[in-house]
Structures are given as C-alpha cells and as structure tokens.
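Asks: A predicted structure for the sequence below; I have some questions about it.
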Amino acid sequence: MAETIQRPSGPAGSISEEKRQRLLELVRGRTAARPTDLAEDEVMVWPSLVVVEALSAVVFTFLLLATAILINAPLAEIANPTVTPNPSKAPWYFLNLQELLLHMHPSLAGVIVPTIALVAIGAIPFIDRSPLGVGILFTSDKGKKITIFSAIYTFVLVVALILFDEFVGVTATLQGTVPEVVYQYIIPVITMLALIALLGLLIQRIFQPTRREMVMAFFTGFVVAFFVLTVVGTAFRGTGMDLFWPWDVESAH
Amino acid sequence: MRREHTIADRVTSSALWRSIVRHGYPDTQRNQALVIASNVFLHLHPVKIKRYATKVTYTFCLGGLSFFMFLVLTLTGVLLMFYYVPSTDQAYTNMQEIEASVTFGMLMRNMHRYAAHGMVIAVFLHMCRVFYTGSYKPPREFNWIVGVILLVLTFLLSFTGYLLPWDQLAYWAITVGSEMAGAAPIVGEQAQFLMVGDYEIGQATLIRFYTLHVIFLPLAAALMMAVHFWRIRKDGGISGPL
Ligand code: HEM
C-alpha cells in the first residue's frame, strides 16, 4: 500500500512532506484512532449523540408497544365489490386529496395539484439559495411572524372555502347553467391561484420579506392547507361525504 | 498487560471478543472515536459533531424517528409475512388467524400499522423541521430532493400496505385511490390499469400491491435512505447556524 502512495503521477517530491505524512497515516488506518482534538463547540458522538438515539429508540418502542397493546387495528368485513360503504374513504394521508375532489375535477384534485405541489417543494432549494438563516428555526423574528400570519390566513380561507362550497355550493349553483369546465376547472384554478397570489401580495406589503421569508410564507400555506384538508376529510366527512361533527362521523359510517 | 479480574475482563480479552471488537472500553476519547469508526452501522455517524446538533430541540429527532419506524416496520413486517398469503381467497382469513391464533400476532399487526402511521407523520414533520431551519440550502439541495423522493416512497409504502388485509376498508380505499390515478390527464386510463392490473380490483391488484409493498418499495426506500445518510455526511453533517 505504502508503495502506491510513493508513486505519485507528478514529478518526484511534488508531494509536500506534511501531506505525505498525512497520507501515510491514512494508509495505516490510524486517523480515526488518533485522539481527537475536540473544539469548544464539539462533542464526541459516543456517548453524546448515541445516548439520545438509544433513549429515543427505547421510548418510542414502548410507546408503540403500549398503543399496540391498548388499541387494536381495525379489520372490517371481507372485501365485497358489490357493497359500497358510504362514505368510501382513502387512507387518511390521502383524504386531503379526496377532500379537494369534492370541490373540483378529479384530475385537478387527484393528480395535477399534488404533482405541482411536489415539484414546487422539490424546487425550494433552487428558488431560495441564500445561506441566510441556516440552522435557525424560522430564520428570524420576522420569519416567525410571517409563518404565523400565513398559517392564520390559510386556515381561515381554507375553512371558509370548504364551508362556502358546502352551504352555497359552486357546483350546485352553476350546474346546468354553464359548461362543466367552468365550475370543475376554471373557478377552482382561479380561486387557488388568486389566494396564493393574494398571500404573496399581503406578505410583500406588510413585511417586505427576503426571498427566504417569502418561501416560508408559501410553504406554511401548503402545510396548513394540507393539514386542514386532511383533518376535514378524515374527521368531518360522513355519509355522502357531507360535513358532520367528528362525533357524528363514526355513527354515520 | 493488565491482570484479568472479572468475568467481563476475561470475556473482553478473549481472542474471540477481540476479533470482533477492536477497541477498548469507550471511556477514553480514543476508544470513543474507535467505537464509531470501527462499526459499520455506527460509522454512519462522524466521530465528533457540533454540540447544537445533539440538541433534541434542533432536529426533534424526527429524521431518526422516521428511520426507527422503518426498522420497526421491517421487523414486524417480516413476522407478518410468515402468515400472510397474498391471495384473494386467503388473505382475509390469514388476517383473522394472525389476530386470533398466532402468538403475538395481533400485537405484531397493531405495531406494524401504528408504525406505518407514525412513519408518515414523522417523515412529514421531519420535512417541516428541515424546511423551517433552512437546512435545504446549498450544499444540501440534493439531499432535500432525495428527501422528497423518500416522502413519496413512504406514502406509496403505506398505500400499498393498505390493500393487503383485503377487508372492506382496504378494498374501497384502494378503489378511491385508483380512481384518482385514473383521473390523470391523457394517461389516466393507462395509469389506473397499470396500478390495478385489471379492470377491477382483484387478484391481479393484490399481487401487485403485495410485491411492491414487501420487496420493491422497501428496497427503494432503503437505497434512498443510504444515499440520504451518506449525503448528510458529505454535506458537512447536520446544518447549523453559520
Ligand atoms: C424515510 C424518510 C426519511 C428519513 C429516514 C430521513 C432521515 C434523516 C435523518 C436521520 C437526518 C439527520 C437529521 C435529523 O434527524 O433531522 C436527516 C436529515 C435531512 N433530511 Fe431527511 N429523512 C427522510 C425524509 C426526508 C424528507 C421528506 C426531506 C425533505 C423533503 C428530507 C430532507 C433532509 C435534509 C435536507 C436533511 C439535512 C438536514 C440538516 O442538515 O439539518 N428528509 N434525514
């Protein structure tokens, strides 16, 4: 091994003595064994990190065990293609999409919106590239305020839209009077885009944010919308996918 | 050479022990470094890290928790596989047997299910933690994308598992899901057929979901996790304040 190191491609002696020493050390496999010099702000992974990991593994093993002992997973009757339960629901983490489905064309709700959301999330690091605020939760005080503002904005509007569609009803009102494409595509798309744009505009006006803070506003909007749609789809939709109080959903099932 | 007093001393100085463990008791910095560096699993970690990176309130342990859930799912999943046959004639009965007559069968099934929910939640929250601490910024852009792929894989793992009990919940949830895929523009019909393997959900669907659930998706996820963890190291460890 040491010989390969001694045969550099460049002219002999082009490796400085110090570098040669380090390479040799690497070859002898001693680097890791060398007593490490700990800087002020550093700790040894064993024990400092490994302890936290082991402890949380124990805690969560017990939590899982306890839940599994106390509550049994559901098993309904055997699958029967001829008996459609009312309502039929997807697994809970897709109920956000199923909730969207009630308000727009299935291709929008089930495919286009989630695809765009995923691509947008994937693109975040290429939109906001400044190193500003790395490692600081919410970046700054302003960032925290923007996050809260966006969360409230999204929460109120998504809830309001769901209630509006339930009790006034875009489709119910327009069905038969205008072509389907209007209430299945055009109105939902315009509504979504307009509310996103309005959020951006408000944040811009009120906070004069950096790009990082602007991205935070939109990401928060996504998370809160996802959350509200999931909760409404899971706990508030009963028979016929109508709105119920959560305690009535079970019995409606 | 130190005199051996206790049984522990004898064990740890035996040839067998020393052929496996190549370091002494980790009470010196040298040995603590060796524990990490000479163990294939632990050496995912660096030998030393920044102090803030061990603070629970920075990562909230969420990435580690996602991985933990994955490990629990692998273990309990293998145990369930001993009893489960992916056939529309047998699957449901198998589930009943697992619950009623297999020792700890119900416990395994429950743990598998709750760990699956837990993993979806943990991965999503982990994404939020990474986002709100700005940890996606260069040089970690690519690891963020690896993460997004892991998020999708996690959803798919959970979704394909949902059909396997072959009860009404499973059947109709997958019906709703596959109809959503069917609504995709242009390729919708093909996408739905690819997923269901037939014109309606049946044996063809079950075997597809089963194969994806127990082989393809776990392997894909494990592969992406390997990349994910390796990249964390290559990107200079956990992000932190500049
Ligand atoms: C199965 C899913 C996943 C597993 C097992 C996983 C695991 C981990 C672990 C153990 C860490 C170390 C720090 C920590 O615990 O927070 C980490 C960091 C990271 N993860 Fe994940 N992760 C997953 C999904 C994701 C997702 C969905 C994203 C984002 C979309 C993501 C993006 C990142 C990034 C950028 C880092 C580096 C963070 C930093 O340097 O502070 N990961 N991941």
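Replies: Looks like it came in fine.
Asks: Show residues contacting stretch B:226-239.
Replies: If you take C-beta atoms under 8 Å, 6 or more residues apart in numbering or on different chains as the criterion, stretch B:226-239 is touched by A:134-135, B:44, B:46, B:49-50, B:53, B:58-59, B:133-135, B:137, B:139-140, B:142-143, B:146-147, B:150. To be clear about C-beta, it is placed using only N, CA and C from the backbone, and glycine gets the same treatment.
Asks: Tell me where the model's unsure across chain B.
Replies: Residues of chain B that meet the criterion pLDDT under 70 lie in B:1-4.
Asks: For the residue in the stretch 101-250 of chain A that the ligand sits nearest to, which non-adjacent residue is closest in space?
Replies: Taking C-beta to the nearest ligand atom, the ligand has its nearest neighbour within the stretch 101-250 of chain A at residue A:121, 6.5 Å off. Excluding the flanking residues, the one nearest residue A:121 by C-beta to C-beta, 6 or more residues apart in numbering or on different chains is residue B:148, at 5.9 Å.
Asks: What strand or helix carries the one you found?
Replies: Per DSSP states H and E: residue B:148 is located in helix B:141-163.
Asks: What is that helix packed up against?
Replies: helix A:113-127, helix B:62-81, helix B:105-132, helix B:168-182, helix B:203-211, helix B:217-234 (3 or more C-beta pairs under 8 Å, 6 or more residues apart in numbering or on different chains; DSSP states H and E).
Asks: CA atoms only: put the fourth one into PDB for me.
Replies: Backbone C-alpha positions of helix B:168-182 (Å, rounded to 0.1, in the frame of the first residue of the first chain) are rendered in PDB as follows:
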ATOM      1  CA  GLN B 168     -63.900  -3.500   3.100                       C
ATOM      2  CA  LEU B 169     -61.700  -0.700   4.300                       C
ATOM      3  CA  ALA B 170     -58.800  -1.800   2.200                       C
ATOM      4  CA  TYR B 171     -60.800  -2.600  -0.900                       C
ATOM      5  CA  TRP B 172     -62.700   0.700  -1.100                       C
ATOM      6  CA  ALA B 173     -59.700   2.800   0.000                       C
ATOM      7  CA  ILE B 174     -57.800   1.400  -2.900                       C
ATOM      8  CA  THR B 175     -60.800   1.900  -5.200                       C
ATOM      9  CA  VAL B 176     -60.900   5.600  -4.300                       C
ATOM     10  CA  GLY B 177     -57.100   5.800  -4.800                       C
ATOM     11  CA  SER B 178     -57.000   4.100  -8.100                       C
ATOM     12  CA  GLU B 179     -59.900   6.200  -9.400                       C
ATOM     13  CA  MET B 180     -57.800   9.300  -8.500                       C
ATOM     14  CA  ALA B 181     -55.000   7.900 -10.600                       C
ATOM     15  CA  GLY B 182     -57.500   7.200 -13.300                       C
END
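Asks: got the contact list for it?
Replies: Residues outside helix B:168-182 that contact it (C-beta under 8 Å, 6+ apart): A:74-81, A:83-85, A:88-91, A:94, A:97-98, A:101, A:106, A:109-111, B:159, B:162-164, B:188-189, B:191-192, B:195-196, B:201, B:205, B:209.
Asks: Are any of the residues you listed buried, and if so which?
Replies: A:75, A:78-79, A:85, A:88-91, A:94, A:97-98, A:101, A:106, A:109-111, B:159, B:162-164, B:188, B:191-192, B:195-196, B:201, B:205, B:209 (16 or more other C-beta atoms under 10 Å in any protein chain shown).
Asks: now the residue in the stretch 151-253 of chain A positioned nearest to chain B: how far from residue A:147?
Replies: Closest residue of the stretch 151-253 of chain A to chain B, C-beta to the nearest C-beta: residue A:219 (5.6 Å). For residue A:219, the distance to residue A:147 equals 9 Å [C-beta to C-beta, to the nearest Å].
Asks: which ones are touching the closest residue to residue A:112 other than its chain neighbours?
Replies: Spatially, and ignoring its direct neighbours in sequence, residue A:112 is nearest to residue B:185 (7.1 Å; C-beta to C-beta, 6+ apart). Residues in contact with residue B:185 (C-beta under 8 Å, 6+ apart) are A:107, A:111-112.
Asks: hmm, try it at 10 Å
Replies: Applying C-beta atoms under 10 Å, 6 or more residues apart in numbering or on different chains to residue B:185 gives the contacts A:105, A:107-108, A:111-112.
Asks: now the strands: where do they sit in the stretch 1-150 of chain A?
Replies: Assigned by DSSP state E, counting those that start in this stretch, the strands in the stretch 1-150 of chain A fall at A:42-44.
Asks: What ranges in it fall below the confidence cut-off?
Replies: For the stretch 1-150 of chain A, the stretches with pLDDT under 70 are A:1-36.
Asks: In it, what residue spans correspond to helices?
Replies: Taking DSSP state H, counting those that start in this stretch as the criterion, the stretch 1-150 of chain A carries its helices at A:2-6, A:17-27, A:45-70, A:95-101, A:106-107, A:113-127, A:141-167.
Asks: and the gap between the spatially most central residue of chain B and chain A?
Replies: Chain B has residue B:70 as the residue nearest its centroid, 2.3 Å off, counting by C-alpha atoms, centre = their mean. Distance, residue B:70 to chain A, using C-beta to the nearest C-beta, to the nearest Å: 12 Å.
Asks: how is chain A carved up into domains?
Replies: Chain A breaks down by automatic domain parsing into domains covering A:44-70, A:92-252.
Asks: Quick one: closest of those domains to residue B:115.
Replies: Closest approach to residue B:115 among the domains of chain A (C-beta to C-beta): domain A:44-70, 6.0 Å.
Asks: In that closest one, which residues are buried?
Replies: A:44-46, A:48-50, A:52-53, A:56-57, A:60, A:64, A:67-68.
Asks: Contacts (any at all) between the ligand and that domain?
Replies: No - Domain A:44-70 lies out of reach of the ligand by C-beta under 6 Å from any ligand atom, never closer than 9.3 Å.
Asks: try stretch B:47-54
Replies: No - under the criterion of C-beta under 6 Å from any ligand atom, the ligand is not reached by stretch B:47-54; the shortest gap measures 7.9 Å.
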